[in-house]
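Engineer: Attaching a predicted model along with its sequence, questions to come.
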Amino acid sequence: MFDNLYNNLQKVFKDLRGRGKLNEKNIKDALREVRLALLEADVHYKVAKDFVANIQERAVGQEVMRSLTPGQQVVKIVHESLTELMGGKAEPLNFIGKPPLAVMLVGLQGSGKTTSAGKLARWMAREKRKPCLVPADVRRPAAIDQLTTLAGQLDLPVYPSTVDLDPESIVAEAPAFASGRGCDTLLVDTAGRLHVDEELMDELRRVKERLQPVEILFVADAMTGQDAVQVAAAFHEALELTGVVLTKMDGDARGGAALSVRAVTGCPVKFVGTGEKLDALEVFHPDRMSSRILGMGDMLTMIEKAQQAFDEDQAQELARKFREDSFTLEDFRDQLRQIKKLGSLEQILGMLPGMGAMKELKKLQVDEKELVRTEAIINSMTKGERRDVSIVNGSRRKRIAKGSGTTVPDVNRLIKSYAEARKMMRQMTGAGSSSKKKKGKKRLRKAFFPF
């Protein structure tokens, strides 16, 4: 996500930082390159033009000319302008009104509406809401089945829609169904088409009139770039959208939709999908996204992910085991499982400030299967072996390798890595010298990712 835009902008900023002073000409030259970078990222041409004009107006003047570090000042202005372009601040969902409140998802077929409904339901449940899923796409039987399956995975109620019902009847009866099950929110998955047509819009207007939703969220595939923005504008004209959910932001999306949709439609991006799993949904924060684009990282989102993934009591218990040097392979396995909950390692590293500029990181290809293989080896051990690895002799290692579908050298590497991890923890938590503690921290990645 945004890789090409990031790389192109970094070239511009590097040139600006190399100059002692900035004048109107070299600022204009740099902003011409910024505009080209935005267009290459599939940003709407008018949005790119206005964006660059706004930066130029702010950059060419006393604000920059008197700065001791003018290049950095321009980067600051670009960061602020990007944040403004994407909406300035996060826009929360509207939960004001008499329950059950309705949230209506609309969009073209294949944009990810049904999956996004499941992700939003999980997010709402985590926010102490009680959502009920409502399949209103009767033209596609698979959509009803899919939403029913997702509701089962989340242990949430789902309205029993069938293909012989019409969408208006479904949304008319769904509130009573939800209220009877203690739900305060309806998540309505509507029909889509391969393109915008009047028949679809008429159906959605009727559903909206009957449902009276507090939110109408347009679900768009970020991979489609400007096309998604144009379709959003058409839906907004017909339905008066309240927000946008961008899916597939973890792919090779150039980012044009995220940067353009607010300026073109006036609708804020409220959520972004960052993967296929039900927990792969993030609240959209313009300032944080702007920081990611410019390589400044996104520590706040990373901290929020960690708070959701790691249990406080478990963390305190783990800290106690570190202090008492009783950290076992079972604890090692549990920590790997917690790390996987944070998302892909590539996404985690991308949130760290300055990591995007490291050439070594771009060459680093972390195989997610390493974590699976490590967990399989630990699971193939007996409880006694996991708690006291010193009893794992040659014959036991052969058995463990066979049971986990790996090799004896793989088992040996894991045991060695576990020993390194324990040694590192002793150095970081013990009373050793500061130099030993520093060396312990450097062995962190090697210890946890041995293969």
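Structural biologist: Done, it's in.
Engineer: And the most centrally placed residue in the chain, how far from residue 92?
Structural biologist: Centroid-nearest residue in the chain, with Cα atoms, centre = their mean: residue 274, separated by 3.7 Å. Separation of residue 274 from residue 92 (Cβ to Cβ, to the nearest Å): 19 Å. Where C-beta positions appear, they are placed from N, C-alpha and C, glycine not excepted.
Engineer: Then residue 50?
Structural biologist: Look at residue 50 and residue 92: by Cβ to Cβ, they are 27 Å apart.
Engineer: contacting residues for the residue nearest to residue 287 when sequence neighbours are not counted?
Structural biologist: Nearest non-adjacent residue to residue 287, counting by Cβ to Cβ, 6 or more residues apart in numbering: residue 83, 4.7 Å away. By Cβ atoms under 8 Å, 6 or more residues apart in numbering, the contact set of residue 83 is 286, 287, 290.
Engineer: Could I get the pLDDT score of residue 83?
Structural biologist: Here, the pLDDT recorded for residue 83 equals 86.
Engineer: Look up the pLDDT of residue 426 for me, please.
Structural biologist: If you check residue 426, the pLDDT there is 68.
Engineer: just for the stretch 51-200 of the chain, where's the confidence low?
Structural biologist: 60-72 (pLDDT under 70).
Engineer: Just the strands from it, written as ranges.
Structural biologist: 101-106, 131-135, 185-189 (DSSP state E, counting those that start in this stretch).
Engineer: need the ones you listed in JSON lines with distance to residue 413 and mean neighbour count, can you?
Structural biologist: Shown next, in JSON lines, are those (distance: least, Cβ to Cβ, whole Å; neighbours: other Cβ atoms under 10 Å):
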{"stretch": "strand 101-106", "distance to residue 413": "47", "mean neighbour count": "25"}
{"stretch": "strand 131-135", "distance to residue 413": "45", "mean neighbour count": "28"}
{"stretch": "strand 185-189", "distance to residue 413": "46", "mean neighbour count": "27"}
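Engineer: nearest to residue 424, of those?
Structural biologist: When these are compared by Cβ to Cβ, strand 131-135 sits nearest residue 424, at 43.1 Å.
Engineer: contacting residues around the closest one?
Structural biologist: 100, 114, 117-118, 120-121, 124-125, 143-144, 147-148, 150-151, 156-159, 161, 170-171, 174, 177-178, 181, 183-189.
Engineer: Could you do stretch 198-214 as well?
Structural biologist: With Cβ under 8 Å, 6+ apart as the test, stretch 198-214 has contacts from 94-97, 101-104, 106, 136, 167-168, 171-172, 186, 188, 190-193, 216, 235, 238-239, 242.
Engineer: Can you flag the buried ones in those?
Structural biologist: Neighbour counting over the contacts of stretch 198-214 (16 or more other Cβ atoms under 10 Å) leaves 101-104, 106, 136, 167, 171, 186, 188, 190-192, 216, 235, 238-239, 242 as the buried ones.
Engineer: what about the helices in the stretch 201-350 of the chain?
Structural biologist: 226-239, 256-265, 286-293, 299-309, 312-324, 329-341, 345-350 (DSSP state H, counting those that start in this stretch).
Engineer: what residues are up against the closest residue to residue 136 other than its chain neighbours?
Structural biologist: Leaving aside its sequence neighbours, residue 136 sits nearest to residue 167 (Cβ to Cβ, 6+ apart; 4.4 Å). Counting by Cβ under 8 Å, 6+ apart, residue 167 touches 136, 137, 138, 190, 191, 203, 206, 207.
Engineer: hmm, try it at 10 Å
Structural biologist: 134-139, 161, 188, 190-191, 203-204, 206-207, 210-211 (Cβ atoms under 10 Å, 6 or more residues apart in numbering).
Engineer: what's the closest of those residues to residue 7?
Structural biologist: Taking Cβ to Cβ as the measure, residue 190 is the one of these closest to residue 7, at 38.4 Å.
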